[in-house]
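1. here is a sequence with its predicted model. Questions after.
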Amino acid sequence: MKEEKNVMIGTLKDWVKSSPYLIVLDYTGMKVSEFSELRGRLRKVGAAVKVVKNTLFRRALNEASLPAMDKDLAGQTAVVSGGADAPAAAKVIKTFKAEFTRPNVRVGVMDGKLLGTSELTMLADLPSAEVLRARLLGAIQAPAATLARLIKEPSARVARVIGSKPETAAA
């Protein structure tokens, strides 16, 4: 039995170390169909949710040198992890909670730092990665477009003046 626990702890440790973020949920009172729906929505944004045993998860966090969450690991616990888009996963959880009133967010970890519920809410309110990229690209392109318009304007004035001369001479 001890070997099985060590294997499970090792698996959990590898899992938490491979993810740039973790979001710990209390899924008490959720129906199986609701949990499956949450799992499917998270999968669409590249995240996964796993039900964990608190004692094993505590040890895996300790072995992975991540912050301790002792007070937050009680009751029915599920952990969300995934790729680089943490705001998308947090947004899915926030909208799901608005629809079904569960799960409750307990705590999160991002880049080795503990995040409270308020920080996770702010994370969920961030625009998606695509929107942020588009805004950044727009901010980078705006000065170039303005410069191009300014450079083009004197020649456009000259062209308009030259274009208007033949009309007045012909009249």
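-> Perfect, thanks for sending it.

2. flag the shaky bits of this structure, pLDDT-wise.
-> The model of the chain has pLDDT under 70 over residues 1, 70, 129, 147, 150, 155-163, 165-171.

3. separation between the nearest residue to Ala84 once chain neighbours are set aside and Leu61?
-> Of all residues not flanking Ala84 in the chain, Pro20 sits nearest, at 5.9 Å (C-beta to C-beta, 6 or more residues apart in numbering). C-betas here are computed from N, CA, C, even on glycine. Distance of Pro20 to Leu61, computed by C-beta to C-beta, to the nearest Å: 15 Å.

4. neighbours of the residue nearest to Ala84, how many?
-> Neighbour count of Pro20, defined by other C-beta atoms under 10 Å: 14.

5. next: Tyr21.
-> 23.

6. what pairs with it across the strands?
-> Met110 (DSSP bridges).

7. didn't it look like it was pressed against Val107?
-> No - using C-beta atoms under 8 Å, Tyr21 makes no contact with Val107, being 11.5 Å away.

8. just confirm Val105 is within a helix.
-> No - under the criterion used here (DSSP: H, G, I helix; E, B strand; the rest coil), Val105 is strand, not part of a helix.

9. and stretch 58-66, what's buried?
-> If you call a residue buried by 16 or more other C-beta atoms under 10 Å, then stretch 58-66 has these buried ones: Arg58, Arg59, Ala60, Leu61, Ala64, Leu66.

10. let me see the domain layout of the chain.
-> Following automatic domain parsing, the chain resolves into domains at 2-126, 127-171.

11. in what helix or strand does Val49 lie?
-> Assigned by DSSP states H and E, Val49 belongs to strand 47-52.

12. now the angle from the helix or strand that that strand is followed by to strand 47-52?
-> Downstream of strand 47-52, the first helix or strand assigned by DSSP H and E is helix 54-63. For helix 54-63 against strand 47-52, the angle by axes from the mean of the first three to the mean of the last three C-alpha atoms, to 10 degrees is 120 degrees.

13. listing partners with orientation, what would you give for the helix or strand just after helix 54-63?
-> Using DSSP H and E, the helix or strand that directly follows helix 54-63 along the chain is strand 77-82. For strand 77-82, the paired strands and their directions (DSSP bridges) are strand 21-26 (antiparallel), strand 47-52 (antiparallel).

14. export these to a markdown table and tack on distance to Arg135?
-> Converted to a markdown table, the strands paired with strand 77-82 look like this (distance: least, C-beta to C-beta, whole Å):
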| stretch | distance to Arg135 |
| --- | --- |
| strand 21-26 | 22 |
| strand 47-52 | 23 |
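
15. which of the ones you listed is buried the deepest?
-> Mean neighbour count (mean count of other C-beta atoms under 10 Å) peaks for strand 21-26 among these, with a mean of 24.
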